[in-house]
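Mind folding the following:
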Amino acid sequence: MCRYESAYVIDDINGVKKSGMCVRTQPARRYLLIEYCGKVSEIQQLYLWILSDYLTNTQLIVTYQYVIERYIKVDYNNDIFHLDILIKVH
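Got it, this is the predicted structure:
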């Protein structure tokens, strides 16, 4: 089972904590980082490509602990978003 988390880079961590939101610093580990800028509706195809094609042709071993999507820009009106996908690997 793989855990999914969404993430945002924030400037005022104390303000976010005061609002009652959960805040966590991502530990330093080895991650595969994939930057995606495209259609929201096509993100599933990207994940299928990563897991079916890309990773099978590398020496990376996925830990299957969690995947993080770090959102940079989201435009739902135009079906576009820009994000980083971090997958914990060995």
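
quick one: the helices in the chain?
Taking DSSP state H to define them, one finds helices in the chain at 13-18, 43-49.

can you list these in TSV and add distance to residue 35?
Quick note: C-beta positions are derived from backbone N, CA and C, even for glycine. Shown next, in TSV, are these (distance: least, Cβ to Cβ, whole Å):
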stretch	distance to residue 35
helix 13-18	24
helix 43-49	11
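
Could you export those helices as CSV, including mean pLDDT and distance to residue 88?
Compiled in CSV, the helices of the chain are given as follows (pLDDT from 0 to 100; distance: least, Cβ to Cβ, whole Å):
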stretch, mean pLDDT, distance to residue 88
helix 13-18, 83, 22
helix 43-49, 92, 15
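
which of those helices sits most buried?
helix 43-49 (a mean of 12; mean count of other Cβ atoms under 10 Å).

Grab the longest strand from this protein for me.
strand 62-75 (DSSP state E).

Which other helices and strands does that one contact?
strand 3-7, strand 80-89 (3 or more Cβ pairs under 8 Å, 6 or more residues apart in numbering; DSSP states H and E).

Residue 23: which of the ones you listed is closest?
Of all the helices and strands packed on strand 62-75, strand 3-7 sits nearest to residue 23, with 10.3 Å by Cβ to Cβ.

ok, now how distant is the residue nearest to the spatial centre of the chain from residue 14?
Nearest to the mean C-alpha position of the chain, by Cα atoms, centre = their mean, lies residue 69 at 2.0 Å. As judged by Cβ to Cβ, to the nearest Å, residue 69 and residue 14 stand 24 Å apart.

Same question for residue 33.
27 Å.

do residue 79 as well
Plainly put, residue 79 is 35 Å away from residue 14 if you go by Cβ to Cβ.
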